[in-house]
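Trainee: sequence plus predicted model, see below.
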Amino acid sequence: FGLIMEKGESGLRIAIIVSDVNYNLTDLIQAQQNHSDLFSIKQVLTNKLELFEKLQETVKSEKCIPFTSDIQICLIGFETNNEPFNRQDLNYHVKLSSQILEIVRNAQIDIILLDGFYVILKNPLVQAYEGRILNVHPSLLPKFNGKGMFGMNVHQAVIESKETETGATIHLVD
C-alpha cells in the first residue's frame, strides 16, 4: 500500500462492498472524517436492493448514484432492467465479480473492503485487485467459518459452543 501512497494522492481510494449495513459501514464512514489523509471511501457497493433503497431515498434508473457528497452507492448483481442475476447460473460469481471490477476501475479504487458481503468473489476481480481486497469476518478464523457463518449466526455459534475468546479476522481475499 505504501507505493500507492507515494503517488502524492491524499490517501487510498476505498470501495466497501456490503450485503448488510449492520456491520462497520457507519463507523468506517465516520473514521474517514478523522483520517482523510490516509483514506477516503469513494464507493459503497451492495447486492441487496432493499439496502440500496435504505441508503438512498429513491432508486433511480442508474446503477450508481450519490450516497453522500463524496461517496457513491452502487447496486450490483442486477441486469440493466433491474432483474437480479440468476444465482443458480454457473457463471453467477464471475458475472458479479466482472461487474464489480468495471465499477471500481471506473472510480480508480485502490482497495476493496468486504464488510458483511455474502458472495464469494472470483476472477477477473480477484486477479486484478490481488493483494488489495480485504475481508472482515466476525470470528477468529479458522473457527466459525463456512456456509451460513455470517453476521449474528457466527455470534450465536460462538455463544452456543461456550467459547471463552472471540474476535474478528481481517484477511486478504485470494
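Mentor: Received the coordinates, thanks. Numbers count the residues shown, from 1 in each chain.

Trainee: shaky segments in the protein?
Mentor: 1-10, 21-23, 56-69 (pLDDT under 70).

Trainee: residue ranges for the helices of it, please.
Mentor: If DSSP state H is used as the criterion, the helices of the chain fall at 2-5, 25-34, 49-55, 92-106, 125-128, 152-160.

Trainee: so how far is the third one from its chain's centroid?
Mentor: Here helix 49-55 is found 15 Å from its chain centre; the criterion is C-alpha atoms, centre = their mean, to the nearest Å.

Trainee: check which helices and strands it sits against.
Mentor: strand 39-46, strand 72-75 (3 or more C-beta pairs under 8 Å, 6 or more residues apart in numbering; DSSP states H and E). In this view, the C-beta of every residue, glycine as well, is placed from N, C-alpha and C.

Trainee: ok, now the fifth one?
Mentor: Packing partners of helix 125-128 (3+ C-beta pairs under 8 Å, 6+ apart): helix 92-106.

Trainee: check which helices and strands the helix it packs on sits against.
Mentor: strand 12-18, strand 39-46, helix 125-128.

Trainee: list the contacts for Ala168?
Mentor: Applying C-beta atoms under 8 Å, 6 or more residues apart in numbering, we find Ala168 in contact with Val136, His137, Pro138, Ser139, Leu140.

Trainee: just the buried ones from these?
Mentor: Val136, His137, Pro138, Ser139 (16 or more other C-beta atoms under 10 Å).

Trainee: ok, back up a step: among the helices and strands packed on helix 49-55, which is nearest Asp174?
Mentor: strand 39-46 (19.6 Å; C-beta to C-beta).

Trainee: quick one: that closest one to helix 92-106, angle?
Mentor: Here strand 39-46 runs at an angle of 140 degrees relative to helix 92-106 (axes from the mean of the first three to the mean of the last three C-alpha atoms, to 10 degrees).

Trainee: restricting the selection to alpha carbons, write strand 39-46 to CSV.
Mentor: What follows is strand 39-46, C-alpha atoms only, in CSV (Å, rounded to 0.1, in the frame of the first residue of the first chain):
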residue,chain,number,x,y,z
PHE,A,39,-8.0,7.0,3.0
SER,A,40,-11.3,8.1,1.5
ILE,A,41,-14.3,5.9,0.9
LYS,A,42,-15.4,6.6,-2.6
GLN,A,43,-18.0,3.9,-3.2
VAL,A,44,-20.3,1.6,-1.3
LEU,A,45,-21.5,-1.4,-3.4
THR,A,46,-24.3,-3.6,-2.4
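
Trainee: now the angle from that strand to strand 12-18?
Mentor: 30 degrees.

Trainee: ok, back up a step: quick check: the farthest pair among the contacts of Ala168?
Mentor: Going by C-beta to C-beta, the pair spanning those furthest: Val136 and Leu140, at 12.5 Å.
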